[in-house]
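[1] Structure for the following, please:
(chains A and B, ligands or ions: 4)
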Amino acid sequence: MGLSRREFIKRTAALTAASYAGLSLPISNEDYSAHASDADSWHKGTCRLCGSGCRLELEVKNGKAVALRGIPQSRTNMGYLCMKGMLFYKLMGNNHPERLKKPLYRARKDQPFREISWDRALDIASKEFAKTVKKYGNNSVAYYGSGQAFTEETYIFQKVMRGGLKTNNVEGNPRLCMASAVGGYVTSFGADEPIGSYSNFERASCFFIIGSNTAEAHPVLFRRIMRRKMDNKDTVKVINADPRVSPTSRIADLHLQFAPGTDLALLNAMAYVILEDKLYNEDFLKNYADFRMGKKKKKVSLQKYMAFIKDYTPEKVARICGGNITADKIRKAALWFAKSEGTMSLWTMGINQRSRGVWANNLIHNLHILTGQLCRPGADSFSLTGQPNACGGVREGGGLCHILPAHRLVKKNKLRHQVERLWGIPEGRIPPKPGYHTMAMFEAVNEGKIKAIWINCTSPAQSLPNCDKYRKGMRREDVFIVVSDIFPTKTTELANLILPTAFIFEKTGVYGCTERRSQLTVKAVNAPGEAKPEVWMVREWALRLSKELNDPVIKKCVEPFMGKEPDYELPKAIWEEYTQKLTKGRDNDLSGATYEVLEKLPDGVQWPAPTKQWALKGGTDIKFVRGLDPLADKYAKNDLPYQFYGPAHPDRKLWIWLRPQKGPAEMPDSKYPFYLSTGRIIDHWHTSSMTGRIIELMRANPYAYVEVNPKDAERLGIKPGDMIEVVSRRGRNILPAKVYVGPCEGMVFVYWHDEDENRMINRVTKDAFDPGSKEPEFKICACRIKRVSGPRPLKPFLVHMKA
Amino acid sequence: MAFEKTLKSPVTTNVLRPPGAVNELLFPSKCIRCGRCVEVCPYGSIRPLDIHAGIFTGTPLIHVTDIPCYLCMKCVEVCPTGTLRPITQQETKMGLAVINKHACITWNGELALCRTCYNICPFKETAIKLDELRPVVIDKYCTGCGLCVHGCQVTQENGKKAINVEPIYAYRRRAIANE
Ligand code: SF4
Ligand code: SF4
Ligand code: SF4
Ligand code: SF4
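    Ligands and ions are numbered 1, 2, ... in the order given. Modelled structure (predicted):
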């Protein structure tokens, strides 16, 4: 009885222009329903609109992308997709009229853009970078990339920057979302990225979801969690800890609504209960754990840890946490956590985007180490990743200023020289000092220390916290900005040179999602106009740079990729070099996951995958377990079933950290009495430059609003739809109110997708960051709110290219 | 035929009277076509019926697929005749949202997850809830504002959405909630 897919597509296409009255959307007049019943072909690929890594197939008809559907055999999504995943074919090829199609240039930022040829564009990009290097030194240039770029792209960019231009100024937006998770995994487990996989969703009997609105941010994964809960209503417990009641909270047995910034205390209190009630796993602790504290990572005893945790009695912490937290609730949560057959913790930005994000990560891991809730079925400390390739491209591919490909630290001489050797470039070519991290990078732009920057596939002008401050720097006429992207954004507005890139399915490359899984998407349709894959741009740019700077080593960096056709052969050669040379022998060994293997599988390969044979089985489901992880067997030092061979802990132990409660960088006060938090909504992705251009998605959420707790609304005389001014020490927004029991009293929530200057919440957020991970505290700052008027008609807004 | 047309109420699926409207049988005689509600609506939700609408000409209507009602309650305050009675947001009953489970992509097992209607409803969790991620409308609290209809991702060939507001209260004695 159900609708067929095709009927659905027809129906979405049947939206008439009339139904957009009041919405000035850039509507493509393409008739998506105009296709006969058979597809020319279906092409496997990965969804690009969140970190879940859903596998899907693109239907291509007469060279045109016409539909997307989930792949039922895929181990990530089992065929399900959310609406973003169903609809993004509308951005491909010539389906959307606003795609960037030609390189655009302007010498000064107050001039209009002119179309130029690729030849000229690459000349300008190389001349400007070369000139800057000659005049101001190698650290005056930078690359700022993305967790949405393919691994091949991040890899070649960072290779040319480090090996060619001799700078570690290589960063990317995962600094804004995943850096604290990296810090947490490395310091607690000695190795980045989760131990287990999504497969634990179906095996866990307790979910501890903290600081994640999984239902909106990872909807298809949430479906699996919900299924597990609904099919086992009495035996599977869900604990949700969040200052805001979100759609995720709806399936929770226990909702811990703590005041923003009291998370560390809450987690320590759970550890208190675990110790007090002897809920810890003595054998596990004896075999695998150690206690550490302080900057010097000093080893301490269990007794010392117990003495430390004494301060976090549930009664005291309940008072610190406020909200609806009681000592009983903390005890209950700790009990469920410790006693279940398998407890799986899940978190994202609520934990990572904190000025003590690494500590918060450590404290979640602590609970798992104490109770031994690791490595067995359903037991996992699992950080969900926001972007489709933050793990694969940036964390593994060397996309941050302090890491080289395959989890190598820049500052480790041995590892750095290893990379130089593998690249065949002179020793000492890569500088030993890490480059600027994201916030420092844009501060350096502000100060004029960085004079040329290439921003790829991301929009920092909107996504940086306190963005007005950093937009000032980007507006400087003495800072040359290259932006490569598919649509105009807030950042292309500040560029000198805009390079039109091919979109997913218009080029070939690998995405590595949350669960260490690498998945290949092969080109299926042509990019519109003259849009090109980034890998081609970087190769051609490097060749020119080599000439300009008279430096053959730059050329050497791209030599293995010369003459390759850019749509498939070139990314394949890059992937080969990266996996066969750089990951071989490392903990994220992907040498078995060749393009041939990836193309054979419906989904992809989870590393470690040291052989093709292993990769063809899908790779490693759970790390560190002998018999399940080939590296655990290879590196085994004793007879124990778990072997924590991660590169950062030579003692092969899991570290339980003594981390005290630390509040946010900015607390509400009499002038700014509210907490402001920001987040996502299911229908939009990041800065909405893509989802905003899909009519169905934009209609569903045409503009951002501010969620106000009904009690606060009543006190302040705020009615639904009233226009509310949200002001912080940094900036202000005016948004319509949504009065709703979401945020706790004294807190407001705004989603950050809107490109309208009045509704761009990062003008209000604070740019304080974690001293460890350098990840900013997007999730908490102080603001005040005021009703400025009754409801006003609002229009959705997108940045358009001025003709 | 022509005669019938001039007497037939224009109120139908997704075509509704503004909040607080009296019984549809009384509406054309009570409403003086002053256009104040049309003027005051900040969203442009209300349109006066044109000259071809027989005895209904000039009366206010909301086509929720075009622009739904945001429940700001301005129109009910300015109506001089009480044709739109001064009610509150919660009391509003312009109609009832009904989900077509065959058309809704979440209900019909398309392997797609959508809950736009749920997200967009001003009374999320009260007027509309999720049952295992599938939307269900709670008739007692649904105001018929049509925001869900407007946002719904599916448009059927007949122009209806997968969720539609049916004006089931239009002919009740007093179309006000909880009475
Ligand atoms: S859940 Fe994420 S990966 Fe899956 S379809 Fe939706 S946006 Fe794409
Ligand atoms: S309640 Fe407000 S939005 Fe709705 S029709 Fe009346 S004036 Fe327009
Ligand atoms: S269910 Fe639809 S019509 Fe009913 S109150 Fe919610 S948005 Fe309005
Ligand atoms: S918005 Fe429409 S398609 Fe989506 S869940 Fe609601 S009724 Fe179904």
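
[2] Would you state the helices of the stretch 351-500 of chain A in chain order?
    A:357-371, A:413-423, A:438-446, A:460-463, A:467-475 (DSSP state H, counting those that start in this stretch).

[3] Save the ones you listed as CSV, and put in mean neighbour count too.
    In short, each C-beta sits where N, CA and C put it, glycine included. Output for those, formatted as CSV (neighbours: other Cβ atoms under 10 Å in any protein chain shown):
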stretch, mean neighbour count
helix A:357-371, 26
helix A:413-423, 17
helix A:438-446, 22
helix A:460-463, 25
helix A:467-475, 19
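
[4] how about those, which one is nearest ligand 4?
    For ligand 4, the closest of these is helix A:460-463, at 27.2 Å, according to Cβ to the nearest ligand atom.

[5] any idea of the mean pLDDT for the closest one?
    The pLDDT scores in helix A:460-463 average 96.

[6] Go ahead and confirm A:Asn758 touches A:Pro736.
    No: in this structure, A:Asn758 is not within contact of A:Pro736 by Cβ atoms under 8 Å, at 10.6 Å.

[7] re earlier: among the helices of the stretch 351-500 of chain A, which comes closest to A:Ile116?
    Closest to A:Ile116 of the helices of the stretch 351-500 of chain A is helix A:467-475 (Cβ to Cβ; 21.1 Å).

[8] tell me which strands and helices the closest one is in contact with?
    Applying 3 or more Cβ pairs under 8 Å, 6 or more residues apart in numbering or on different chains; DSSP states H and E, one finds that helix A:467-475 makes contact with helix A:438-446, helix A:460-463.

[9] let's see it at 10 Å
    Secondary-structure packing of helix A:467-475 (3 or more Cβ pairs under 10 Å, 6 or more residues apart in numbering or on different chains; DSSP states H and E): helix A:438-446, strand A:452-456, helix A:460-463, strand A:480-485.

[10] closest one to A:Ser591 among the ones you listed?
    Across the helices and strands packed on helix A:467-475, A:Ser591 has its closest neighbour in strand A:452-456 (26.7 Å, Cβ to Cβ).

[11] now that closest one, how far from the centre of its chain.
    Distance of strand A:452-456 from the chain centroid (Cα atoms, centre = their mean, to the nearest Å) equals 19 Å.

[12] Parallel or antiparallel, list what pairs with it.
    Next to strand A:452-456 in the sheet, as set by DSSP bridges, lie strand A:141-145 (parallel), strand A:480-485 (parallel).

[13] returning to that earlier point: and the helices and strands packed on helix A:467-475 as TSV, adding distance to ligand 3?
    As requested, the helices and strands packed on helix A:467-475 are exported to TSV (distance: least, Cβ to the nearest ligand atom, whole Å):
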stretch	distance to ligand 3
helix A:438-446	40
strand A:452-456	39
helix A:460-463	29
strand A:480-485	35
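
[14] right, so of those, which gets closest to A:Lys623?
    Nearest to A:Lys623 among these is helix A:438-446 (28.1 Å), distances taken as Cβ to Cβ.

[15] Including distance to A:Gln613, mean neighbour count and mean pLDDT, could the strands paired with strand A:452-456 go into CSV?
    Listed next are the strands paired with strand A:452-456 as CSV, based on distance: least, Cβ to Cβ, whole Å; neighbours: other Cβ atoms under 10 Å in any protein chain shown; pLDDT from 0 to 100:
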stretch, distance to A:Gln613, mean neighbour count, mean pLDDT
strand A:141-145, 33, 27, 97
strand A:480-485, 38, 26, 97
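
[16] which regions of the chain sit below the pLDDT cut-off?
    Just so you know, I chose chain A. For chain A, residues meeting the criterion pLDDT under 70 lie at A:1-39, A:803.

[17] that's the wrong chain, I wanted chain B
    Across chain B (using pLDDT under 70), the flagged ranges come out as B:1-6, B:53, B:173-179.

[18] tell me which parts of it are close to ligand 2?
    B:18-19, B:40-41, B:43, B:45-46, B:62, B:69-75 (Cβ under 6 Å from any ligand atom).
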